[in-house]
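*Asks:* I'd like to go over a predicted model; first the sequence, then the structure.
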Amino acid sequence: MSVQRGVRYTPEEIILLVNSNRGYGLERMIKKIYFENGTTKSQNQSRYFTDTLDVLMDYKETTGEDMYLWIQDPEMTTMVTRDTWKEITNNAPTPKGAGLSTSRTSKPDRKVGIGTNSRHIPLPPQEFEGGGVVPIWMR
């Protein structure tokens, strides 16, 4: 595999990072490895995302192993309550569609109260393993 335009990590480093972070999510990994202080912008259409996806597709063609499925593995996601979510993520807002109910139903029809902690929120892996790869801002 050759280094493509604008890729700051070698294909081998990208494969190592993906292999070390099962279920972390490709977009989250892109934000982690290319932005030292993080970013709030979506990376789904960035050149970092597409170049990394190209590396994963090339790897699949040569080895037959689908590393995209590995980095996106939903089995690594755990379901937590809203209180646990806030504790683990440092009071980050819950993802859309999880946590608080925004519709109001009559009290006799409620099975779970509005805003209770019994709602399950998907929590992806929080620890990022560098796999021995030096971040680009430290090179």
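*Replies:* Great, that's in hand.

*Asks:* alpha carbons only: can I get the helix or strand of the chain with the lowest mean pLDDT in PDB?
*Replies:* Across the helices and strands of the chain, mean pLDDT, DSSP states H and E gives its lowest value to helix 82-88, namely a mean of 85. C-alpha atoms of helix 82-88 as PDB (Å, rounded to 0.1, in the frame of the first residue of the first chain):
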ATOM      1  CA  ARG A  82     -28.300   8.600  32.000                       C
ATOM      2  CA  ASP A  83     -26.600   9.100  35.300                       C
ATOM      3  CA  THR A  84     -23.900   6.600  34.400                       C
ATOM      4  CA  TRP A  85     -23.500   8.300  30.900                       C
ATOM      5  CA  LYS A  86     -23.000  11.700  32.500                       C
ATOM      6  CA  GLU A  87     -20.500  10.300  35.000                       C
ATOM      7  CA  ILE A  88     -18.400   8.500  32.400                       C
END
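
*Asks:* what packs against it?
*Replies:* strand 121-123 (3 or more Cβ pairs under 8 Å, 6 or more residues apart in numbering; DSSP states H and E). C-beta here means a position set from N, CA and C on the backbone, and glycine is covered the same way.

*Asks:* the strand it packs on pairs with which strands?
*Replies:* Strand 121-123 sits in its sheet next to strand 78-80 (antiparallel), going by DSSP bridges.

*Asks:* may I see the buried residues of the partner strand?
*Replies:* By 16 or more other Cβ atoms under 10 Å, the buried positions in strand 78-80 come out as Val80.
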